[in-house]
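>>> everything below, folded, please.
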Amino acid sequence: MLDVLRVSSKSTPNAVAGAIAGVIREQGKVEVQAVGAAASNQAIKAVAIARGYLAPAGLDLVCVPAFVNIQIEEEVRTAIRLIVEPR
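The predicted structure follows:
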């Protein structure tokens, strides 16, 4: 099962990028979820930064975006799901 990293609008892109890079090194791929425009922005920035972290190791990251419905406090919300893995 994929690790899921949940990103909020207050998430620090560098910290999320470090988490993405760590999971990629350990498990090969990771799922990043974000709800809302600001959180999605932070998630995309984190993926871009993580690419830079992993490039010296010869890993070129790609992400596959999709929508997913998740439940937050008894309310169904639509999130952006990014499957991040080496090319």
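>>> residue ranges of the helices in this protein, please?
Along the chain, the segments classed as helices by DSSP state H run 13-27, 37-54.
>>> chain center to the shortest one: distance?
Going back to what we said before, that points to helix 13-27. Between the centre of helix 13-27 and the centre of its chain there are 9 Å (C-alpha atoms, centre = their mean, to the nearest Å).
>>> low-confidence stretches in this structure?
Scanning the chain for pLDDT under 70 picks out nothing.
>>> pick out the residue closest to the middle of it.
Val32 (2.9 Å; C-alpha atoms, centre = their mean).
>>> that residue contacts Glu85, doesn't it?
No: if you go by C-beta atoms under 8 Å, Val32 and Glu85 don't touch, sitting 11.2 Å apart. For every residue, glycine as well, the C-beta is placed using N, CA and C.
>>> mutual contacts of these two, please.
Cys63 (C-beta atoms under 8 Å, 6 or more residues apart in numbering).
>>> now do the contacts for the residue in the chain sticking out farthest from the centre.
Centroid-distance maximum for the chain: Glu74 at 23.7 Å, with C-alpha atoms, centre = their mean. By C-beta under 8 Å, 6+ apart, the contact set of Glu74 is empty.
>>> now swap in Leu5 and tell me
Val16, Ala19, Ile20, Val23, Val30, Glu31, Val32, Gln33.
>>> let's see that with 6 Å instead.
Ala19, Val32 (C-beta atoms under 6 Å, 6 or more residues apart in numbering).
>>> show me what the residue nearest to the centre of the chain is bridged to.
For Val32, the beta-bridge partners are Leu5, Leu82 (DSSP bridges).
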